[in-house]
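1. when you get a sec, could you give me coordinates for this:
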Amino acid sequence: MNPVPQSCGRSASLLRSLLNLTFDEWQQDTGTQSARTASGHRISSLSEKAAPFPFNPFAAIAQGMSSIIYKICPEAMWRSAVEAGVFEGAPVDLADGFIHFSTAEQAEETAAKHFAGQSGLVLVAVDGDRLGQALRYEVSRGGALFPHLYATLDPALALWVKPLPLGDDGRHIFPPLQP
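-> Numbers count the residues shown, from 1 in each chain. You can find the predicted model right below:
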C-alpha cells in the first residue's frame with residue numbers, strides 16, 4: 001500500500017523521500033494539511049501561523065520545481081504596479097499575507113476557479129528563482145504545492161506580461177506556458 005495520498009502526487013512523494021515523512025497521518029485540522037515526520041514531529045503548510053517549525057520542509061521541493069511561476073491579475077492593477085514600481089498584491093493577496101502564484105500546470109485551473117468570466121486580465125510570468133527565500137511552495141488545493149510570495153514584487157522582474165482574453169466558451173485563452 002502506498003502511504004502517500006493520491007491527491008498529493010509527485011510533490012508529496014518527493015517530500016516523503018526528502019524528509020522521510022509518513023503520510024498515513026495526514027489530517028485536515030484548522031484548514032491546513034499536516035503530516036508527522038518519522039521522529040514524530042508534526043509539520044503543516046509553511047504558514048508560521050499554522051506550524052512554527054524550525055525549517056522550511058517544502059524548500060527542497062521548490063528547488064526541483066519549475067522556476068517560472070505565473071500571476072493572474074487585472075491589467076489595470078498591473079499597470080498601476082508598474083507605474084509605482086511595486087506590486088503589493090491583489091485584495092486576496094493582501095488578506096492572506098502573501099502573493100498567490102501558480103505553476104504552469106495550475107494556472108488554467110486557477111483562472112477557472114478564481115477568475116471565471118472576468119475580462120481585462122493579464123498573465124505575468126516571473127522567474128521564481130529570482131525571488132529568493134520569500135517564495136515558498138505551500139500545500140493548497142487538492143494537496144498540490146502552490147508558490148506563495150511573502151514579499152512585494154518588483155514589476156521589473158516580470159519576464160513577460162500577456163493578456164488573458166476570454167474565449168467563446170467563457171474560459172480564458174492561455175498563451176503557451178513553460179512548465
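2. helix/strand/coil for residue 72?
-> With DSSP: H, G, I helix; E, B strand; the rest coil as the basis, residue 72 sits in strand.
3. burial count for it?
-> 23 (other Cβ atoms under 10 Å). Using the backbone N, CA and C atoms, a C-beta is placed for each residue, glycine as well.
4. quick one: residue 88 from residue 109, how far?
-> 25 Å (Cβ to Cβ, to the nearest Å).
5. show me the helices in this protein, by range?
-> With DSSP state H, the ranges of helices along the chain come out as 9-19, 59-64, 75-84, 91-96, 104-114.
6. so what's the residue count around residue 159?
-> 13.
7. how close does the closest residue to it other than its chain neighbours sit to residue 70?
-> Nearest residue to residue 159, sequence neighbours excluded (Cβ to Cβ, 6 or more residues apart in numbering): residue 125, at 4.4 Å. Using Cβ to Cβ, one obtains 6 Å as the distance from residue 125 to residue 70.
8. more neighbours: which of the two?
-> Set residue 125 next to residue 70 and count neighbours by other Cβ under 10 Å: residue 70 wins out with 24 against 20.
9. give me every residue that touches residue 117.
-> Taking Cβ atoms under 8 Å, 6 or more residues apart in numbering, we find residue 117 in contact with 166, 170.
10. what's the distance between it and residue 169?
-> 11 Å.
11. with residue 157 instead?
-> 33 Å.
12. who's more crowded, these two?
-> residue 157 (14 against 7).
13. show me what contacts that one?
-> Here residue 157 is in contact with 126-127, 130-131 (Cβ under 8 Å, 6+ apart).
14. which of those residues are buried?
-> Among these, those classed as buried by neighbour count (16 or more other Cβ atoms under 10 Å) are 126, 131.
15. shouldn't residue 116 be in contact with residue 166?
-> No - in this structure, residue 116 is not within contact of residue 166 by Cβ atoms under 8 Å, at 9.6 Å.
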